[in-house]
Every structure is written in structure tokens, then in C-alpha cells.
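Q: the sequence and its predicted three-dimensional model are supplied below.
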Amino acid sequence: DTEVTQTPKHLVMGMTNKKSLKCEQHMGHRAMYWYKQKAKKPPELMFVYSYEKLSINESVPSRFSPECPNSSLLNLHLHALQPEDSALYLCASSQDWGTSGDGPDTQYFGPGTRLTVL
Amino acid sequence: AQTVTQSQPEMSVQEAETVTLSCTYDTSENNYYLFWYKQPPSRQMILVIRQEAYKQQNATENRFSVNFQKAAKSFSLKISDSQLGDTAMYFCAFRYSGSARQLTFGSGTQLTVLP
């Protein structure tokens, strides 16, 4: 099973709203990722969690706040977003070989949340 | 820093025909992994195929195969017997060996399969 689920599929929010995106995987993966993707562009990495700890933050504005409550769940809390934040937000997970070994550490993606900020 | 280049922004192919998507990359490392992902209009990024740089044998997954030329730093994807469901954006991606987790993506190739 290589399924990563994301909710909601679509989200429309105003600039003063607070909302959250949710991602879940049950593959036993220990690394989870948030990406932002604009139309016809490749995904841009935002955050990486490894063993429930934030390991990479690609200089993302503080209006995006990630959270990893457990190894299967990843949230992205949104507050005071700007219209230019409208995009497809993708979650992914991988085995995360880390320092215990090596491997392709293939990332498996969810279907994404289409976010529109008005 | 590594870079991944896909020089064909758009391509089209007739159903049942064969098409090759090109990808080149630049790195000074010897151990790394290469991937092809497809993203159909449904938006989900789907792994198509992956290649370990230390393996000389080209990876194959059903109708999808790669031509991996390590010296030339080339990693092309061949799709045989193209189907309408192959219509998608295809991204080539690179990852270093070891604990680094970032994927470096190419700019993508939009493939359209024509009936």
C-alpha cells in the first residue's frame, strides 16, 4: 500500500482566516514532507519531518506552521495567508533511511489540497 | 548544487506509439538516485520509475523504461505503446545518496497522447 491521503481536497479561505491541511500515511514511513506547487511548475519543498521532528524548513514564512503529532500524521496550519499563497499543497512520505542505512528513500505523494486565498 | 534539466516543455505522441522524454542532470557525486514522476490532470504525483546510479542495468516497469547514461549524466524515459491515460506532466527528479532528503525536480514535460 503506497497511499498518502490529504484533506481537504479544496480549500477557499480569506486572508484573515485560520485553517489547517491534514496528511496521513499508514506505510510506516518516518519522513514526511510538505510541498507547494504552482501551476505547470515542479513542487517546491517547504518542510521535512524526520521521526516526528522538524529537520528542514526551507525559509517558509511563519504564516505556515507545520505540525507532526505522530509518525502517521502531518498538519499544516495556515494563518493570515496572502493571495500569492494560492497553490496546490502536496504531502509526501518516505521510509527515511537516515543514518541507519541507504536506499532510494522514494517519496510517495498524496493527491494534494488545492488552496485558494481570496 | 545539483541541477536537473528537462529541455522539452511539451510533447505529443499518437496512441500506441513510442515516445522518449529527455532529462539531464549535473552533479559531482557518484552515488545518487533518479526518478520519473507523472502528474496527470488529477494532480497526484505518481512514481513511474526509479534508478540507482550504481546499477548499470536500466530500470524497467512494464511499458516504461529508462536509458541511463551515467557518464553523459542523462536519464531519459521511454514510454512504449502509449495510452491516453499516459497524458500527464512528467517530472525528472534527483536525490543524493545518504541522509539528504531533498528531491531536485526538473521543470517538467507535458506529454499529450493523441487518439
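A: Received, thanks. Numbering: from 1, shown residues only, chains lettered A, B, ... in the order given.
Q: who does the closest residue to residue B:19 other than its chain neighbours bridge with?
A: Excluding the flanking residues, the one nearest residue B:19 by Cβ to Cβ, 6 or more residues apart in numbering or on different chains is residue B:13, at 3.9 Å. For every residue, glycine as well, the C-beta is placed using N, CA and C. Beta-bridge pairing for residue B:13 (DSSP bridges): residue B:113.
Q: dump the residue contacts of residue B:13.
A: Under the criterion of Cβ atoms under 8 Å, 6 or more residues apart in numbering or on different chains, the neighbours of residue B:13 are B:19, B:79, B:82, B:111-114.
Q: and the residue nearest in space to the middle of chain B, how far is that from residue B:94?
A: In chain B, the residue lying closest to the centroid (Cα atoms, centre = their mean) is residue B:36, at 3.3 Å. For residue B:36, the distance to residue B:94 equals 11 Å [Cβ to Cβ, to the nearest Å].
Q: go on, residue B:110?
A: Applying Cβ to Cβ, the value for residue B:110 to residue B:94 is 20 Å.
Q: okay, those two: which has more neighbours?
A: Applying other Cβ atoms under 10 Å in any protein chain shown to residue B:110 and residue B:94 shows that residue B:94 carries more neighbours, namely 24 against 15.
Q: once you drop chain neighbours, what's closest to that one?
A: With Cβ to Cβ, 6+ apart, the residue lying closest to residue B:94 is residue B:104, at 4.6 Å.
Q: neighbours around the one you found, how many?
A: 19.
Q: and the contacts of the worst-scoring helix or strand of chain A on mean pLDDT?
A: Lowest mean confidence among the helices and strands of chain A (mean pLDDT, DSSP states H and E): strand A:53-57, at a mean of 89. Contacts to strand A:53-57, defined as Cβ under 8 Å, 6+ apart, come from residues A:45-49, A:66, A:68, B:101-102.
Q: give me that answer again for 7 Å
A: Strand A:53-57 is touched from outside by A:47-49, A:66, B:101, with contacts defined as Cβ atoms under 7 Å, 6 or more residues apart in numbering or on different chains.
Q: okay, who's weakest in the residues you listed by pLDDT?
A: In terms of pLDDT, the weakest of these is residue B:101, which scores 70.
Q: across the sheet, point out what pairs with the residue nearest to the spatial centre of chain A.
A: Geometric centre of chain A, nearest residue: residue A:34, 2.3 Å, by Cα atoms, centre = their mean. Beta bridges link residue A:34 to residue A:47, residue A:91, judged by DSSP bridges.
Q: dump the residue contacts of it.
A: Here residue A:34 is in contact with A:46-47, A:66, A:76, A:89, A:91 (criterion: Cβ under 7 Å, 6+ apart).
Q: apply the buried test to these and list what passes.
A: A:46-47, A:66, A:76, A:89, A:91 (16 or more other Cβ atoms under 10 Å in any protein chain shown).
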